[in-house]
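Chemist: Give the three-dimensional model of this entry:
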Amino acid sequence: MRVSVCVGEYAQIPYCVPGLEINVYSMEELSYCFKENAFLLDAALLEDRLLEWIDRQCGLQDLVKALHPLVHKRGSLSSFVGMILGYVGFYGEEDIRQVEQVLKQGAGLSRIEKRKRQIDYLVKKKKYVAAIREYDGLIGKWQELEKEGEPLPAVGCLASIRHNKGVAYAGMMQYGKAAECFREAYDTDGSRDEYLAYLAARRMELPGEDYIALVAGEPQIQGTLELEKEMDRLVNQWEQQPAYLRLCNRRRMRVENRQVYQTDTERLTQALKENYRSLSHVADEK
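Modeler: Residues are numbered from 1 along each chain as shown. Coordinates of the predicted model:
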């Protein structure tokens, strides 16, 4: 039987990892958080607040003493995280090397690119409302730096920010706003993929006749034909999925047993409401 021995004390007050907004209560939890989210970590970790937490909450004064020079002499993030992972011993040497490599690769990214990675993570976790707010702030920062003549990443980064903001809107089924974002992304870098994303969002938003009227005035008519082929493929794929089959079963239920159908509908509606609240509510992220 494998036994894991905890390093340090279990914290009474958690440490909130900057950029991730994840609370951890032990050094093992901190190590796990570092490994699973290495590509999202940035130099904000090199702070006295983390050292104080390791000291006062976990009681690891010797680790704090070793980390102190890295914080106050602005050592590398990879060395800082690697030292913590090595001390805790929750992962082997190969895992630690992989984390350090990810951090070294991220060291060449600008603050805007690193921040974008963190916001993209919110989209992945379906925290759409929070992601959209943060993307707006990031676009505003980009525009501010541009006016000041500060160096910026390649324009493709701005297009990607706008695209992913559209993905967040699409995740909430707000296809009109998603289309606006995809169009802005297309106007930014002229990518054909962005144009097709724009058409797809309009296709989901508009009734058939309105969509046809829209694409009639679009210059890249070939793109609409490609989109229709892809839509047909996705519809055929969807009709093979268990969720679609369950939907068909509910349609039969509505005709054959109205009472059971209504009870099941109330249950599903409540579950959807709770899920929507969890996606929209951001108070627990801070």
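
Chemist: Against which helices or strands is the lengthiest helix in the chain packed?
Modeler: Scanning the chain for the longest helix, with DSSP state H as the assignment, gives helix 258-280. When contacts are defined as 3 or more C-beta pairs under 8 Å, 6 or more residues apart in numbering; DSSP states H and E, helix 258-280 sits against helix 128-147, helix 242-256. No exception for glycine: its C-beta is placed from N, CA and C like everyone else's.

Chemist: Give me the distance from that helix to the chain's centre.
Modeler: 26 Å (C-alpha atoms, centre = their mean, to the nearest Å).

Chemist: Quick one: mean pLDDT for that helix?
Modeler: For helix 258-280, mean pLDDT is 81.

Chemist: ok, back up a step: let's have the helices and strands packed on helix 258-280 in CSV, adding mean neighbour count and distance to His163.
Modeler: Below are the helices and strands packed on helix 258-280 laid out as CSV (neighbours: other C-beta atoms under 10 Å; distance: least, C-beta to C-beta, whole Å):
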stretch, mean neighbour count, distance to His163
helix 128-147, 16, 10
helix 242-256, 11, 26
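
Chemist: picking that back up, just the CA trace of the longest helix of the chain, in CSV.
Modeler: The C-alpha coordinates for helix 258-280 follow below in CSV (Å, rounded to 0.1, in the frame of the first residue of the first chain):
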residue,chain,number,x,y,z
ARG,A,258,-47.9,14.0,-20.6
GLN,A,259,-47.6,13.7,-16.8
VAL,A,260,-44.2,12.0,-16.9
TYR,A,261,-43.1,14.5,-19.6
GLN,A,262,-44.0,17.5,-17.4
THR,A,263,-42.3,16.1,-14.3
ASP,A,264,-39.1,15.3,-16.3
THR,A,265,-39.2,18.8,-17.9
GLU,A,266,-39.3,20.5,-14.5
ARG,A,267,-36.3,18.4,-13.3
LEU,A,268,-34.3,19.3,-16.4
THR,A,269,-35.3,23.0,-16.2
GLN,A,270,-34.1,23.2,-12.6
ALA,A,271,-30.8,21.6,-13.5
LEU,A,272,-30.3,24.0,-16.4
LYS,A,273,-31.1,27.0,-14.2
GLU,A,274,-28.5,25.8,-11.6
ASN,A,275,-25.9,25.3,-14.2
TYR,A,276,-26.5,28.7,-15.8
ARG,A,277,-26.2,30.4,-12.3
SER,A,278,-22.9,28.6,-11.8
LEU,A,279,-21.6,29.9,-15.1
SER,A,280,-22.8,33.4,-14.6
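
Chemist: quick check: angle from it to helix 128-147?
Modeler: Per axes from the mean of the first three to the mean of the last three C-alpha atoms, to 10 degrees, the angle that helix 258-280 makes with helix 128-147 is 30 degrees.

Chemist: Provide the contact partners of helix 258-280 at residue level.
Modeler: Lys126, Lys127, Tyr128, Val129, Met172, Arg250, Met253, Arg254 (C-beta atoms under 8 Å, 6 or more residues apart in numbering).

Chemist: Next, the angle helix 242-256 makes with that helix.
Modeler: Going by the same axes, to 10 degrees, helix 258-280 makes 140 degrees with helix 242-256.
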